[in-house]
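Q: take a look and give me a structure for this.
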Amino acid sequence: MSCINKSECRKILLARAERRWPNRMKRVSQDVFDFLETSLRSDCDAFVHSHPSVGKTLQFATHKRKKKNEMV
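A: Numbering: from 1, shown residues only. Predicted coordinates for the structure are as follows:
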């Protein structure tokens with residue numbers, strides 16, 4: 001099962017390519033989607049692995065962390 005929206009990715013990639021190389025790129029290969037899928041899954045695995053084992057919500061650690069002078 002894919003965790004990326006190929007249609008939206010295609011739109012984004014072709015729009016960025018259009019800005020860089022006008023009227024040149026028209027298609028996106030399956031290899032690009034495979035690369036993006038692998039990269040996203042790897043980033044998700046790394047994020048979950050680095051997350052502390054407290055709480056029930058995955059979030060960036062900076063939201064919960066207090067500065068030393070704010071601790072009571």
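
Q: which residues touch the spatially most central residue of the chain?
A: Computing the C-alpha centroid of the chain and ranking residues by CA atoms, centre = their mean puts L40 first, at 5.3 Å. If you count contacts by CB atoms under 8 Å, 6 or more residues apart in numbering, L40 has them with C3, I4. C-betas here are computed from N, CA, C, even on glycine.

Q: and it, what's its pLDDT?
A: On the pLDDT scale, L40 is placed at 95.

Q: secondary structure element for it?
A: helix 30-50 (DSSP states H and E).

Q: quick check on N5: phi, psi?
A: N5 has phi and psi values of phi -90, psi 100 when expressed as degrees, to the nearest 10.

Q: for stretch 46-55, how far is the first residue from the last?
A: Criterion CA to CA, to the nearest Å; first-to-last residue distance in stretch 46-55 is 18 Å.

Q: sort out which residues of that stretch are buried, please.
A: Within stretch 46-55, no residue counts as buried by 16 or more other CB atoms under 10 Å.

Q: again, but for stretch 13-33
A: With the criterion 16+ other CB under 10 Å, stretch 13-33 contains buried residues L13, V28, F33.
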